[in-house]
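Asks: kindly generate the corresponding structure for this input.
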Amino acid sequence: MSSKNRNLTLAGVVIVASAGAFVAGRMSVPGSATASGEKGSGNLSGKVSERGGFGDSGEGGSQGRSLAERVAASKGGAVRGEEALAKMEALMRTTDPIERSKAWLDFVNSIDPSEFESVIASFRSLGMTESRMTEYSMLLSAWAKKDPMQALEYAKANTGNRFARNTILTAWAAYDPDGAIRWAEQNHQTKEGEGNPWMIGVIQGLAASDPALASQLLASMTLSEERGEALSVLLPSILAQGPDAAKAWAAAMTDESLKQGAMSRIAESLAAKDPAGTAAWLMQNPGEAADRSMDNVISAWMDQDKDAATAYYKGLPAGEARTNALRGVANSMAMNDPRAAADFLDANAGDANDRVYEQFVWHSFGEAPEIAVNYISKLSNEDQQSRMYGRMLDGWLRRDYNAASQWISQNSLPANVAERLQRRMQEMQQRQQ
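Replies: Below you'll find the model as predicted:
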């Protein structure tokens with residue numbers, strides 16, 4: 001990696017690190033409650049105005065200057081101790097998001113390395129709410145640039161989930177990938193069915209600057225939930241290279257499970273922009289990804305050009321791909337016109353299977369339960385048929401008791417389902433009395 005790529009700005013690192021909150025363990029709670037899994041820290045002193053300089057406009061001759069300007073003007077060097085805590089408290093009170101972001105970046109860059117632990121501990125004591133995650137990421141990333149080992153030790157001792165450590169690893173990997181990789185490998189004990197959770201942060205830090213190395217690390221992970229998370233953080237950088245490059249990247253994978261997972265994610269991302277091209281790509285690469293994704297691609301196509309999507313389905317040869325495409329057509333139609341969707345399914349029953357009928361029921365039930373429940377009997381799997389009858393009819397009874405009970409009395413149902421529904425209807429009637 002070139003020195004240019006390694007020397008990422010803190011702001012750029014934070015953008016990557018903040019996105020990781022959604023895949024590496026989010027820490028968000030309403031209000032100001034401490035995040036789940038976090039160990040408590042001491043409370044901040046409330047004497048901000050007595051420390052001076054960063055409170056409301058008018059203190060210390062600061063009236064008329066923005067908060068960012070006041071922070072910048074005060075930077076005569078690294079801030080320490082009470083001064084650092086006072087600045088942090090003042091910044092946390094500002095409500096202008098642009099002002100706050102500018103001033104916060106200046107602040108984290110001014111913290112003396114020896115003060116990061118106390119500043120972060122005080123910050124966390126305020127409560128880890130979702131609105132504060134960007135600032136928290138910036139603090140962790142700035143500390144990672146100064147002393148990643150110390151930052152990781154603190155996170156290990158004081159945080160109960162993976163977010164802090166992976167945020168630190170993301171920032172560290174951006175300028176010292178070898179060190180970050182080494183730490184991730186040395187601090188993970190291999191367990192069956194579990195991937196290395198620390199490699200998620202490393203891959204995220206490398207995704208933009210060295211996607212080839214990030215891809216190698218992804219491929220080295222075992223099949224696991226963690227590998228799926230790592231794939232999620234790498235894909236945006238792969239997709240940014242363009243559709244053809246992203247497709248070639250997936251095609252080059254030697255691990256078939258990872259390849260199919262990558263293809264499914266790529267198809268999902270490309271479907272809205274180019275459903276025809278994405279459907280053709282899936283057809284050229286039959287497998288689990290095509291089976292899982294074709295219906296979503298066709299549904300996206302239906303939203304853009306119903307006639308073209310329907311014609312594409314009808315032009316496919318008989319088989320699994322045609323059935324998957326039918327599922328996409330029917331799902332899209334069911335949400336807008338359940339009756340038309342039902343008629344379309346009846347006209348193309350030769351292509352339908354249990355999954356087609358099951359999803360049609362789910363997609364049409366909200367708009368037309370009286371149509372949806374009639375298609376449950378078409379499921380060939382008796383256990384699945386019974387479960388779906390139970391779910392759908394119970395929901396319909398709660399939503400419209402009279403209509404549902406009338407349908408139940410007029411239609412033949414499996415014995416176990418009929419008995420369960422009769423008990424349910426008696427309970428509902430008794431509660432109404």
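
Asks: and Val202, what pLDDT?
Replies: Looking at Val202, its pLDDT stands at 98.

Asks: no wait, Ala68
Replies: Reading off the per-residue confidence, Ala68 sits at a pLDDT of 45.

Asks: any idea which element Glu226 lies in?
Replies: The secondary structure element spanning Glu226 is helix 225-239 (assigned by DSSP states H and E).

Asks: correction: Ala340
Replies: Assigned by DSSP H and E, Ala340 belongs to helix 338-347.

Asks: can you pull the buried residues of the helix or strand that that helix is followed by?
Replies: Past helix 338-347, further along toward the C-terminus, the next helix or strand under DSSP H and E is helix 354-365. Neighbour counts using 16 or more other Cβ atoms under 10 Å place Val356, Tyr357, Glu358, Gln359, Phe360, Val361, His363, Ser364, Phe365 of helix 354-365 among the buried residues. To be clear about C-beta, it is placed using only N, CA and C from the backbone, and glycine gets the same treatment.

Asks: quick one: contacts for the fourth one?
Replies: What that stands for is Gln359. Gln359 sits next to Asp295, Arg327, Ala330, Asn331 when contact means Cβ atoms under 8 Å, 6 or more residues apart in numbering.

Asks: got it, and Ala289?
Replies: Lys259, Gln260, Gly261, Met263, Ser264, Ala267, Leu282.

Asks: what's the distance between Ala248 and Leu85?
Replies: Using Cβ to Cβ, to the nearest Å, Ala248 is found at 51 Å from Leu85.

Asks: more crowded one of these two?
Replies: Higher neighbour count among Ala248 and Leu85: Leu85, with 21 against 12, using other Cβ atoms under 10 Å.

Asks: tell me which element the more buried one is part of?
Replies: Under the assignment given by DSSP H and E, the secondary-structure element containing Leu85 is helix 81-93.

Asks: what is the distance between that helix and the centre of its chain?
Replies: Here the centre of mass of C-alpha atoms in helix 81-93, compared against the chain's by Cα atoms, centre = their mean, to the nearest Å, lies 32 Å away.

Asks: show me which residues of that helix are buried.
Replies: In helix 81-93, counting by 16+ other Cβ under 10 Å, buried: Glu83, Ala84, Leu85, Ala86, Lys87, Met88, Glu89, Ala90, Leu91.

Asks: in stretch 301-311, which residues are buried?
Replies: Buried residues in stretch 301-311, counting neighbours by 16+ other Cβ under 10 Å, are found at Trp301, Met302, Ala309, Thr310.

Asks: which ones are touching Met92?
Replies: With contacts defined as Cβ under 8 Å, 6+ apart, Met92 is in contact with Leu126, Glu135.

Asks: dump the buried residues of helix 81-93 to JSON lines, plus distance to Ala290 and pLDDT.
Replies: Supplementary listing: the buried residues of helix 81-93 in JSON lines, determined by distance: Cβ to Cβ, whole Å; pLDDT from 0 to 100:
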{"residue": "Glu83", "distance to Ala290": "60", "pLDDT": "80"}
{"residue": "Ala84", "distance to Ala290": "55", "pLDDT": "80"}
{"residue": "Leu85", "distance to Ala290": "57", "pLDDT": "82"}
{"residue": "Ala86", "distance to Ala290": "59", "pLDDT": "82"}
{"residue": "Lys87", "distance to Ala290": "55", "pLDDT": "81"}
{"residue": "Met88", "distance to Ala290": "52", "pLDDT": "82"}
{"residue": "Glu89", "distance to Ala290": "55", "pLDDT": "81"}
{"residue": "Ala90", "distance to Ala290": "56", "pLDDT": "82"}
{"residue": "Leu91", "distance to Ala290": "51", "pLDDT": "84"}
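
Asks: would you turn those into JSON lines with distance to Arg431?
Replies: Output for those, formatted as JSON lines (distance: Cβ to Cβ, whole Å):
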{"residue": "Glu83", "distance to Arg431": "64"}
{"residue": "Ala84", "distance to Arg431": "61"}
{"residue": "Leu85", "distance to Arg431": "57"}
{"residue": "Ala86", "distance to Arg431": "60"}
{"residue": "Lys87", "distance to Arg431": "60"}
{"residue": "Met88", "distance to Arg431": "55"}
{"residue": "Glu89", "distance to Arg431": "54"}
{"residue": "Ala90", "distance to Arg431": "57"}
{"residue": "Leu91", "distance to Arg431": "55"}
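
Asks: ok, which pair from those residues is furthest apart?
Replies: For the buried residues of helix 81-93, with distances taken as Cβ to Cβ, the pair at the greatest spread is Glu83 and Leu91 (12.7 Å).
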